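Novice: No sequence on hand, only this structure:
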């Protein structure tokens, strides 16, 4: 049997089973508890050798104890142990997680919070989730702590506040601090940080929930044009938007650019589906409309007032890009986007003459290119209780998709 003990928010006062013959844990956990006499210690470093040692003891029928922080079932060692030995061999005794403790310290519920781990993982996912959601808990790690998170968020996500919880459960060293992202970026945080909360102060209490975790997302998308403020019908029509969203695939943890955003209808729809979004727009009145549309649909969209491709240089690399503006610079803009997009670029083009240049720009950047001509007719009433078909302007929708990377014959 493998007993997994979550030490709560620290190892202080943890009771260790007396029959354990092997005790596995981080050095701070092992040093903070009284181990059974004669028990072997394994200080966790690389996980594979430790699991091999555990397998030897389990094979001989000798009891094993694994010490872990907080709740070991929340981004913890329970997953690795269950995959290796099966859940039937585990006796898990969870402690209070650092996430629960941190929210408790500041008096907020967290049934509507999104929990994301940056421990041993790419920080960009946590950054994008923080930009897209009003209440996020980030489990940190080396190179992905409050300073790095603050630096990535500074100036990109409105009025976010970071709550940095360190040494939780330590009666002498515990600290819970509120800072702006810029303030967090300027500090050296050491190794005592447990978790960072990223909060939108205006929405931090959150609504009454039935299902915990992130919201279920919108019940519909490809919204009607009249649900957005726009100028003289200069807006991506909902039929085009529907297919563009299908090809963009915006989701929680993604970053999407909407370049030549106009009214920001695509940007808002991507944000409603969970992505972090940056809209790039060259006109001042367009920037105002994007802000207004984002506020009307209760989503966060970061708006850059500038002209592509120059305005793209300082932005973080996107997962997906929608290019909706035209002009002579369109091939140059598409090239800049295609070189940096991690997954896909979708381009809406009204003029047939521009299609070959866009396809060439996507292909030259190594993306597989495809597209369609969308030409729809909508039902329109006529006097006398009859209906006609009203044609919308045809639009070419082109998309380039980055081929999957192969690792030892397996596509990611």
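Specialist: Thanks, I have it. Keep in mind that this is a model prediction, so the values were computed, not measured.
Novice: contacts and neighbour counts: CA atoms only from here.
Specialist: Will do.
Novice: the helices in the chain, which residues?
Specialist: 27-32, 47-59, 78-85, 98-105, 123-132, 146-153, 181-185, 238-248, 265-272, 284-296, 330-340, 355-364 (DSSP state H).
Novice: Identify the residues contacting the last one?
Specialist: Here helix 355-364 makes contact (C-alpha atoms under 8 Å, 6 or more residues apart in numbering) with 330-332, 334-335, 338, 345, 347, 349, 368-369, 396, 398-400.
Novice: Which of those residues ranks first by neighbour count?
Specialist: Highest neighbour count within those, by other C-alpha atoms under 10 Å: residue 345, with 31 neighbours.
Novice: Correct me if wrong: it contacts residue 337.
Specialist: Yes - with contact defined as C-alpha atoms under 8 Å, residue 345 and residue 337 form a contacting pair (7.1 Å).
Novice: list the residues that contact both of those two?
Specialist: residue 321.
Novice: coming back round to it: and the helices of the chain as JSON lines, adding mean pLDDT and distance to residue 201?
Specialist: Output for the helices of the chain, formatted as JSON lines (pLDDT from 0 to 100; distance: least, C-alpha to C-alpha, whole Å):
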{"stretch": "helix 27-32", "mean pLDDT": "80", "distance to residue 201": "34"}
{"stretch": "helix 47-59", "mean pLDDT": "90", "distance to residue 201": "39"}
{"stretch": "helix 78-85", "mean pLDDT": "94", "distance to residue 201": "34"}
{"stretch": "helix 98-105", "mean pLDDT": "94", "distance to residue 201": "14"}
{"stretch": "helix 123-132", "mean pLDDT": "94", "distance to residue 201": "13"}
{"stretch": "helix 146-153", "mean pLDDT": "94", "distance to residue 201": "15"}
{"stretch": "helix 181-185", "mean pLDDT": "94", "distance to residue 201": "13"}
{"stretch": "helix 238-248", "mean pLDDT": "96", "distance to residue 201": "30"}
{"stretch": "helix 265-272", "mean pLDDT": "97", "distance to residue 201": "19"}
{"stretch": "helix 284-296", "mean pLDDT": "96", "distance to residue 201": "16"}
{"stretch": "helix 330-340", "mean pLDDT": "96", "distance to residue 201": "33"}
{"stretch": "helix 355-364", "mean pLDDT": "96", "distance to residue 201": "41"}
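Novice: right, and those - which one's nearest residue 217?
Specialist: Among the helices of the chain, helix 265-272 comes nearest to residue 217, with 6.7 Å by C-alpha to C-alpha.
Novice: Tell me the gap between the closest one and the middle of its chain.
Specialist: Its chain's average C-alpha position is 15 Å from that of helix 265-272, according to C-alpha atoms, centre = their mean, to the nearest Å.
Novice: Stretch 371-378 too?
Specialist: Centroid displacement of stretch 371-378 relative to its chain, using C-alpha atoms, centre = their mean, is 33 Å.
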